[in-house]
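Asker: Here you go, sequence then predicted model.
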Amino acid sequence: MKFKLHTLKTASEQSLPLLEATKKSFGLLPNLHGILAESPAAMQAYNALHQSFMSTSLDATEKTVVWQSINVEHKCHYCVPAHTGVANMMDVDQAVTTALRDESPLPSAKLEVLRDTTLALVRNRGHLSEEQLQAFTDAGYESQQLLEIIVGLAQKVVSNYVNHLAKTPVDPAFEEFAWTPVSDR
């Protein structure tokens with residue numbers, strides 16, 4: 001199956017305003033959005049999840065930990081480089097970005113617990129043990145942040161799975177951040 005990479009010229013009447021808003025917001029039209037434009041419902045859902053996750057109580061570094069933990073776990077060839085660029089724009093410490101991409105220890109115990117909890121949610125389909133919940137709480141997080149991770153997870157399921165199916169080409173702006181999973185190096 002071949003997926004179409006839509007532009008402002010090829011998008012449907014329903015998707016065009018969504019693509020125009022994306023370009024205005026990001027200053028470019030990411031290839032993921034060009035793929036999503038094939039289905040206005042998929043694009044609307046992704047945009048709503050993105051906006052919701054951006055409004056969470058998590059700071060830029062914590063958002064990056066959630067996004068990249070999921071991207072790396074899902075081996076998303078598109079989202080890891082894209083979120084590396086986004087992390088740079090959000091002034092996230094390069095040590096955090098590198099640790100996430102390389103699956104190596106993060107610079108703080110709190111961020112490590114956030115990654116562990118995020119990955120446990122992904123791998124266990126939302127089930128956490130009492131010990132995992134206690135570690136999350138002991139790190140200073142609350143139920144609000146646990147629910148916010150799930151919003152980020154929903155966003156990443158949409159983007160990661162779409163990118164796997166469509167083999168979305170990495171945008172030129174993010175090619176310098178190309179990534180190979182640790183298991184494939």
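Answerer: On my side now, so go ahead. Numbering: from 1, shown residues only.

Asker: Next, count neighbours for Leu28.
Answerer: 12 (other CB atoms under 10 Å). The C-beta positions use only the backbone N, C-alpha and C, and glycine is treated the same way.

Asker: meant to ask about Pro105, not that
Answerer: 11.

Asker: do Val158 as well
Answerer: 19.

Asker: Please name the nearest non-neighbouring residue to Thr118.
Answerer: Spatial nearest neighbour of Thr118, chain neighbours left out: Ser69 (4.4 Å); criterion: CB to CB, 6 or more residues apart in numbering.

Asker: and the gap between that neighbour and Ala41?
Answerer: Per CB to CB, to the nearest Å, Ser69 is found 27 Å from Ala41.

Asker: okay, these two: which has more neighbours?
Answerer: Ser69 (26 against 10).

Asker: So which elements touch the host helix or strand of the more buried one?
Answerer: Assigned by DSSP states H and E, Ser69 belongs to helix 60-73. Judged by 3 or more CB pairs under 8 Å, 6 or more residues apart in numbering; DSSP states H and E, helix 60-73 is in contact with helix 40-54, helix 79-89, helix 94-102, helix 109-123, helix 143-166.

Asker: which SS class is Leu19?
Answerer: helix (DSSP: H, G, I helix; E, B strand; the rest coil).

Asker: before we move on, back to that, who are the contact partners of the residue nearest to Thr118?
Answerer: Neighbouring residues of Ser69 by CB atoms under 8 Å, 6 or more residues apart in numbering: Leu100, Leu114, Arg115, Thr118, Leu119, Val122.

Asker: now with 7 Å?
Answerer: Counting by CB atoms under 7 Å, 6 or more residues apart in numbering, Ser69 touches Leu100, Arg115, Thr118, Leu119.

Asker: So which of those residues is the closest to Ile149?
Answerer: Nearest to Ile149, judged by CB to CB, of the contacts of Ser69 is Thr118 at 5.4 Å.

Asker: what about the closest one, distance to Asn47?
Answerer: 22 Å.

Asker: Run a quick neighbour tally on Lys75.
Answerer: 16.

Asker: can you tell me how far it sits from Ser104?
Answerer: 17 Å.

Asker: do the same with Glu131
Answerer: Glu131 is 23 Å from Ser104, by CB to CB.

Asker: which residues touch the most centrally placed residue in the chain?
Answerer: Nearest to the mean C-alpha position of the chain, by CA atoms, centre = their mean, lies Trp67 at 3.7 Å. Residues in contact with Trp67 (CB under 7 Å, 6+ apart) are His83, Gly152, Lys156.

Asker: Thank you, goodbye.
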